[in-house]
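Peer 1: Okay, here's the prediction I keep looking at, along with the sequence it came from:
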Amino acid sequence: MPAINEYKCNKCGFELPRGWGHHFYVEDNKGERITCPHPGEEFTVRQILGASELVPAVVERRTGFNSHCICLDCLHQFKADLGESGWSPYIDITELLKADPLEYKPKLRDAKDRRECPQCKSKNVKTELEMVGQPCPKCKEGIIEEIWTGAIS
């Protein structure tokens, strides 16, 4: 179970989203990314896709991880599937649906989005996890820290 952490500047208090840096999603029929709560991601996948779409090619195409991202130029925060993973690689949900969770070994998949700010189009984008230990993008004086909250998901 991943720890739920806070990510913030030790000087000005600037914050990034609370959590573990990213979340699993499934795309509905309109292409909207639906967050799959942890634990139990597979239940949301089954609900959104339906039994007829639970085939490997469809599941792989319509699932992924959104990382919490920040543009270092305009400070816009957004989610993007950059192929990043913090606590585990991409889940191969088709295997997870039939696997013993204690023996499951996920595989990596390619990013689905560009590393680009949707607001200003800058390529100067980092994930929340990449920001840990780095200078604060807002005040430029503090450091972004990962703070354990004591909670897990």
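Peer 2: Everything's here; your move. Numbers count the residues shown, from 1 in each chain.

Peer 1: where do the strands sit along the chain?
Peer 2: Using DSSP state E, the strands of the chain run over 3-9, 15-19, 22-27, 33-35, 63-71, 77-80, 125-127, 144-152.

Peer 1: okay, the most centrally placed residue in the chain: pLDDT?
Peer 2: The chain has H22 as the residue nearest its centroid, 2.1 Å off, counting by Cα atoms, centre = their mean. Per-residue confidence at H22 stands at 82 (pLDDT).

Peer 1: Please renumber the chain so that the first residue is 72 from this point on.
Peer 2: Taking 72 as the first residue, the last one we looked at is H93.

Peer 1: For it, which non-adjacent residue is spatially closest?
Peer 2: S138 (4.3 Å; Cβ to Cβ, 6 or more residues apart in numbering). Heads up, the C-betas are built off the backbone N, CA and C, glycines and all.

Peer 1: Okay, buried residues for the top helix by length along the chain please.
Peer 2: Counting by DSSP state H, the longest helix found in the chain is helix 112-120. Neighbour-count burial for helix 112-120 flags 112-113, 115-117, 119-120 (criterion: 16 or more other Cβ atoms under 10 Å).

Peer 1: so where is the protein shaky, pLDDT-wise?
Peer 2: Counting by pLDDT under 70, the chain has low-confidence residues at 72-73, 155-180, 224.

Peer 1: at 80 instead, please
Peer 2: Counting by pLDDT under 80, the chain contains low-confidence residues at 72-74, 91, 127, 154-181, 221-224.

Peer 1: out of the strands of the chain, deepest packed?
Peer 2: strand 134-142 (a mean of 24; mean count of other Cβ atoms under 10 Å).

Peer 1: Quick check, the residue nearest to the centre of the chain in contact with A151.
Peer 2: No: applying Cβ atoms under 8 Å as the test, H93 and A151 come out as separate, 9.6 Å apart.

Peer 1: so what sits against both of these two?
Peer 2: Shared contacts of H93 and A151 (Cβ atoms under 8 Å, 6 or more residues apart in numbering): 137-138.

Peer 1: Distance of the residue lying closest to P206 once chain neighbours are set aside relative to C188?
Peer 2: In this structure, P206 finds its nearest non-sequential neighbour in I214, 6.4 Å apart by Cβ to Cβ, 6+ apart. For I214, the distance to C188 equals 22 Å [Cβ to Cβ, to the nearest Å].
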